[in-house]
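S.K.: Turn this into a structure:
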Amino acid sequence: MSLEDKLSRWTGPSSDTEQEKQDRTERMIRQALDSQHEPFNNCSFKVYAKGSYANNTNVRSDSDVDIAVECTEVLYWEEEEPGISTPGKPYEGIWTPAKLRSELVAALKDTFPNQVDATGSTAIQVNSSSSRVDADVVPCFSYEYYMKYETRKGTKIFKTDGGAIVNYPAQQLENGIAKNKRTGYAYKKGVRLLKRIENAMAQDGSFRELPSYFMECLAYNCPDSEFAHSTWTDCLRGMLIHIWDQLQGDEPSSDRWVEVNGCYYLFHPGQKWSRADGREFANAAWNYLGFS
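M.R.: Residues are numbered from 1 along each chain as shown. Predicted structure coming up:
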């Protein structure tokens, strides 16, 4: 098999069988929460897929499903500067972060007995079976961030260790779709290509494992023109060169790279990755594929 054939194969999504398992997993979790757990009858919430499965950038070895359960009874908010927003009446209902998490765990255990692991600080894991893939169910609340000329709508996740995370899954989905259309539907294939290379190098020990979302962000920060090459070999060369060149040195003060959601800078002290991770990945992938 030529390198071009191999790379072309790596751009593909999950197999039909994996896709069926992912869809079934999402459907069963939604059913478990929508109608089968009495305490949720008096709670307004949304259940939706997020992450690589929802964004159609998942590959075979990353076939788990992320499911957000967003409680809309409560709105958490913050503001860029004091006084931008006018506070409403404080919420006085029963749906605290601990209550939401405990009812989710109970509902999932009723539907998936002996298959639920709630020991993680963030997600509740539902283990796979012969007909389902692993699922990470994430309890969260509606969230808004008020800025002078814009309001960002996201979700706030309360971890059991006392920390909290704000995510913007809708913006990630919207920006990914827009870039995919601008590049003639090559962008998401390019994302899968980077993920497959990262997986292959981690599996044979030639490079350290990095988060799949980081791969998606690296591809997102490559210019649209890099996805216009006539072969995947040239497309990949262009992406790796861009990542290597642009991630030299320290973080600049302008034109900084962003996450796919467009709401966070890609590199800052609180991230799980660094600029060095990005450029070293590009260099390792270049050598792994025998480019010269």
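S.K.: contacts and neighbour counts: CA atoms only from here.
M.R.: Noted.
S.K.: pLDDT averaged over stretch 180-189 - what is it?
M.R.: Stretch 180-189 shows a mean pLDDT of 98.
S.K.: Tell me who's in contact with residue 258.
M.R.: Taking C-alpha atoms under 8 Å, 6 or more residues apart in numbering as the criterion, residue 258 is in contact with 217, 221, 264-267.
S.K.: any low-confidence regions in the stretch 101-250 of the chain?
M.R.: By pLDDT under 70, the stretch 101-250 of the chain has no low-scoring segment.
S.K.: Would you map the strands across it?
M.R.: Remark: strands assigned in the stretch 101-250 of the chain by DSSP state E, counting those that start in this stretch are 116-117, 124-126, 135-146, 151-158, 164-167.
S.K.: Quick one, which of these gets closest to residue 21.
M.R.: Residue 21 sits nearest to strand 135-146 of all those, at 10.8 Å, using C-alpha to C-alpha.
S.K.: what angle separates the closest one from strand 151-158?
M.R.: 140 degrees (axes from the mean of the first three to the mean of the last three C-alpha atoms, to 10 degrees).
S.K.: helix/strand/coil for residue 66?
M.R.: Of the three states, residue 66 takes strand under DSSP: H, G, I helix; E, B strand; the rest coil.
S.K.: I'd say it and residue 49 touch.
M.R.: Yes - with contact defined as C-alpha atoms under 8 Å, residue 66 counts as touching residue 49 (5.8 Å).
S.K.: circling back to that earlier point, as CSV, the strands of the stretch 101-250 of the chain with mean neighbour count and distance to residue 100 would be great.
M.R.: Formatted as CSV, the strands of the stretch 101-250 of the chain follow (neighbours: other C-alpha atoms under 10 Å; distance: least, C-alpha to C-alpha, whole Å):
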stretch, mean neighbour count, distance to residue 100
strand 116-117, 18, 16
strand 124-126, 23, 12
strand 135-146, 22, 7
strand 151-158, 20, 10
strand 164-167, 15, 15
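S.K.: Test my guess that residue 209 contacts residue 200.
M.R.: No - look at residue 209 against residue 200 with C-alpha under 8 Å: they stay out of range, at 9.6 Å.
S.K.: So which of residue 66 and residue 49 has more stuff around it?
M.R.: residue 66 (24 against 20; other C-alpha atoms under 10 Å).
S.K.: for the more buried one, what are its contacts?
M.R.: 49-51, 53, 135-138.
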